[in-house]
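[1] Next come a sequence and a model predicted from it.
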Amino acid sequence: DAGITQSPRHKVTETGTPVTLRCHQTENHRYMYWYRQDPGHGLRLIHYSYGVKDTDKGEVSDGYSVSRSKTEDFLLTLESATSSQTSVYFCAISPGQGANTEAFFGQGTRLTVV
Amino acid sequence: DAKTTQPTSMDCAEGRAANLPCNHSTISGNEYVYWYRQIHSQGPQYIIHGLKNNETNEMASLIITEDRKSSTLILPHATLRDTAVYYCIVSPYSGAGSYQLTFGKGTKLSVIP
């Protein structure tokens, strides 16, 4: 299994509180991604990173920010959590673009906003 | 707009080959076909990908039609552990979007004992 660790694995938080999810990799892959998965929507890309301090928005980035200060860590922050952000969040890593876009996913973080 | 079309669900008898179809009639010349699967609430797992030639690895075979408008993922001897949602994805191999995988709803494969 690719060395990806997501923390926490489960979290319950209150509306309006900040939340940070962490993705840690030991593969030294350049690309890192955050997806969310909701019933009826499949996986949707929130943000991605193509290098240290290089990040960009995905399909559903509103309400989320990310940071990547070192290769191995990619943080997803919900500045003020809302109930619509209740979801399962997956981190993924990949070595490159194109033919090397094969991605490896973490086990997910189940976030509940009450 | 969805780039791929897959059946919602399929059944396969244990030990038999599972053939999962995918239609990608609008695929561009610079797009790969990727297959992933997701086993009950786990993170998606990469299976295989290809451009225009058929591909085989230890998990599966990928057959891409000559016009590249459709493909079939073949699990040669399905086991109960292959029960999962299978996603067919097209993604460009360079330029904008080549970093991104767009997941549709996939095919839920049930392997029956």
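    Cool, the structure landed.
[2] Going by C-alpha atoms from here, please, whenever you check contacts or count neighbours.
    OK.
[3] separation between residue A:77 and chain B?
    20 Å (CA to the nearest CA, to the nearest Å).
[4] Note down every partner strand of the strand or helix carrying that residue and its orientation.
    Assigned by DSSP states H and E, residue A:77 belongs to strand A:73-78. Sheet pairing here is set by DSSP bridges, and for strand A:73-78 it gives strand A:19-25 (antiparallel), strand A:64-70 (antiparallel).
[5] Which strands and helices lie in contact with the helix or strand following the first one?
    Where DSSP H and E defines the elements, the next helix or strand beyond strand A:19-25 is strand A:31-38. For strand A:31-38, the packing partners by 3 or more CA pairs under 8 Å, 6 or more residues apart in numbering or on different chains; DSSP states H and E come out as strand A:42-51, strand A:87-94.
[6] Would you give the sheet partners of the last one, along with the direction of each?
    Pairing partners of strand A:87-94, with direction, according to DSSP bridges: strand A:31-38 (antiparallel), strand A:104-105 (antiparallel), strand A:109-113 (antiparallel).
[7] Tell me how far the strand holding residue A:77 lies from the chain's centre.
    Averaging C-alpha positions (CA atoms, centre = their mean, to the nearest Å) puts strand A:73-78 6 Å from its chain's average.
[8] average pLDDT for that strand?
    What strand A:73-78 shows for mean pLDDT is 98.
[9] Over to stretch A:86-99?
    85.
[10] For that stretch, give me every contacting residue.
    A:4, A:6, A:23, A:25, A:29-38, A:100-113, B:32, B:43, B:91-94, B:98-99 (CA atoms under 8 Å, 6 or more residues apart in numbering or on different chains).
[11] same question, stretch A:32-51
    Looking at what lies outside stretch A:32-51 - CA under 8 Å, 6+ apart - the contacts are A:30-31, A:55-61, A:64-66, A:68, A:71, A:74, A:76, A:87-94, B:100-105.
[12] one more time with 6 Å, if that's ok
    Stretch A:32-51 has contacts (CA atoms under 6 Å, 6 or more residues apart in numbering or on different chains) with A:30-31, A:55-61, A:87-93, B:103-105.
[13] Stretch B:57-76 now?
    B:17, B:18, B:19, B:20, B:21, B:22, B:23, B:24, B:25, B:54, B:55.
[14] And for stretch A:21-29?
    Contacts for stretch A:21-29 (CA under 6 Å, 6+ apart): A:3, A:4, A:5, A:6, A:7, A:72, A:73, A:74, A:75, A:76, A:94, A:95.
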